[in-house]
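A.B. asks: only geometry, no sequence info:
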């Protein structure tokens, strides 16, 4: 009996190692490229779901939307109600899968919190590396669109809505604006993708920009005292509303109240 258990354990470990190695050998997928077969068959670890793992083998004929997100990302949290509503509206035509690189404990803590427990029909992967390697990006939220077994597009979360999904499903000309997140290892003005949508030549390195540059990612960090009190925030490439939301989220959380999630058009 002991030998049988050891053989099964070794077989399981070998399967995990083989899957990880196969994913590592796959280069990242570009728009228009076919999705590798291993994408469909590899078990994905999930939380907030009756099963411990799922795979996408039965979803090949659907429009698949991978929502790369994190619990510390205010823009990601703002998108969750919309994502849940879209999944319910389109049903079996669309598969929206939140994907997170955070560990299981962090995701379970969120889905059992006052702000997360309301998403009863939403699951998420955790501890993901394979999908992040297959679809590299520098910031979240980041949406990957997969249709007919190929990478259709990559966008920000703002472009994920009923209209754009209907366009893709019906085969209409898509209004989606591709987001190719530029490398932060090179100066912005030296990036090969900086003028991709502007059709201009780079003449100098000085620039003044009003508004968000979606291709370089965005985010925020905060500093805390030893007692846990926030005494500083830093925001990078974020709209003013997102800054207000991030601050308000912390304040409402301290008061044990549900934070606001809808943007007022007057602001």
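C.D. replies: That came through, no problem. Just so it is clear, the structure is predicted and the values come from calculations on it, not from any experiment.
A.B. asks: ok, now which ones touch the residue nearest to the spatial centre of the chain?
C.D. replies: By Cα atoms, centre = their mean, the chain has its centre lying nearest to residue 68, at 1.2 Å. Contact partners of residue 68, counting by Cβ atoms under 8 Å, 6 or more residues apart in numbering, are 99, 100, 131, 132, 135, 137, 140, 141, 142, 143, 144. For glycine as for every other residue, the C-beta is placed from the backbone atoms N, C-alpha and C.
A.B. asks: of those residues, which belong to helices?
C.D. replies: 131, 132 (DSSP state H).
A.B. asks: hmm, back to that, and the nearest residue to the residue nearest to the centre of the chain once chain neighbours are set aside, how far is that from residue 58?
C.D. replies: Leaving aside its chain neighbours, residue 68 sits nearest to residue 142 (4.3 Å; criterion: Cβ to Cβ, 6 or more residues apart in numbering). Distance check for residue 142 against residue 58: by Cβ to Cβ, to the nearest Å, it reads 24 Å.
A.B. asks: if we can go back for a sec, could you report the neighbour count for the residue nearest to residue 68?
C.D. replies: Per other Cβ atoms under 10 Å, the neighbour tally for residue 142 reads 23.
A.B. asks: ok, it touching residue 160?
C.D. replies: No: using Cβ atoms under 8 Å, residue 142 is not in contact with residue 160; the gap is 10.7 Å.
A.B. asks: OK, contacts around residue 239?
C.D. replies: Counting by Cβ under 8 Å, 6+ apart, residue 239 touches residue 212.
A.B. asks: tell me the pLDDT of it.
C.D. replies: We have a pLDDT of 82 for residue 239.
A.B. asks: ditto for residue 15
C.D. replies: 48.
A.B. asks: over to residue 218?
C.D. replies: 76.
A.B. asks: before we move on, what about residue 249?
C.D. replies: pLDDT, residue 249: 77.
A.B. asks: quick one: least confident helix or strand in the chain?
C.D. replies: helix 2-25 (a mean of 49; mean pLDDT, DSSP states H and E).
A.B. asks: how about low-confidence regions in the stretch 51-200 of the chain?
C.D. replies: Residues of the stretch 51-200 of the chain that meet the criterion pLDDT under 70 lie in 181-200.
A.B. asks: so which residues of it form strands?
C.D. replies: Along the stretch 51-200 of the chain, counting by DSSP state E, counting those that start in this stretch, strands occupy 53-54, 63-68, 94-99, 124-125, 142-147, 150-155.
A.B. asks: strand partners (parallel or antiparallel) of the second one?
C.D. replies: In this case it means strand 63-68. strand 94-99 (parallel), strand 142-147 (antiparallel) (DSSP bridges).
A.B. asks: would you format the ones you listed as CSV with distance to residue 111 included?
C.D. replies: Shown next, in CSV, are these (distance: least, Cβ to Cβ, whole Å):
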stretch, distance to residue 111
strand 94-99, 11
strand 142-147, 21
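A.B. asks: residue 155: which of the ones you listed is closest?
C.D. replies: strand 142-147 (4.9 Å; Cβ to Cβ).
A.B. asks: show residues contacting that closest one.
C.D. replies: 35, 63-68, 135, 151-157, 159-160, 168, 176, 179, 181.
A.B. asks: and that strand, how far out from the chain middle?
C.D. replies: 9 Å (Cα atoms, centre = their mean, to the nearest Å).
A.B. asks: before we move on, back to that, which one among the contacts of residue 68 gets closest to residue 80?
C.D. replies: When the contacts of residue 68 are compared against residue 80 (criterion: Cβ to Cβ), the nearest one is residue 141, at 9.7 Å.
A.B. asks: before we move on, back to that, who touches both of residue 142 and residue 160?
C.D. replies: By Cβ under 8 Å, 6+ apart, the residues touching both residue 142 and residue 160 are residue 67.
A.B. asks: residue contacts, the residue lying closest to residue 124 once chain neighbours are set aside?
C.D. replies: Distances taken as Cβ to Cβ, 6+ apart place residue 98 nearest to residue 124, at 4.0 Å, with adjacent residues excluded. Residue 98 makes contact with 67, 69, 80, 83, 122, 123, 124, 125, according to Cβ under 8 Å, 6+ apart.
A.B. asks: mind redoing it with 10 Å?
C.D. replies: Residues in contact with residue 98 (Cβ atoms under 10 Å, 6 or more residues apart in numbering) are 46-48, 65-70, 76, 79-80, 83-84, 107, 119, 122-126, 141.
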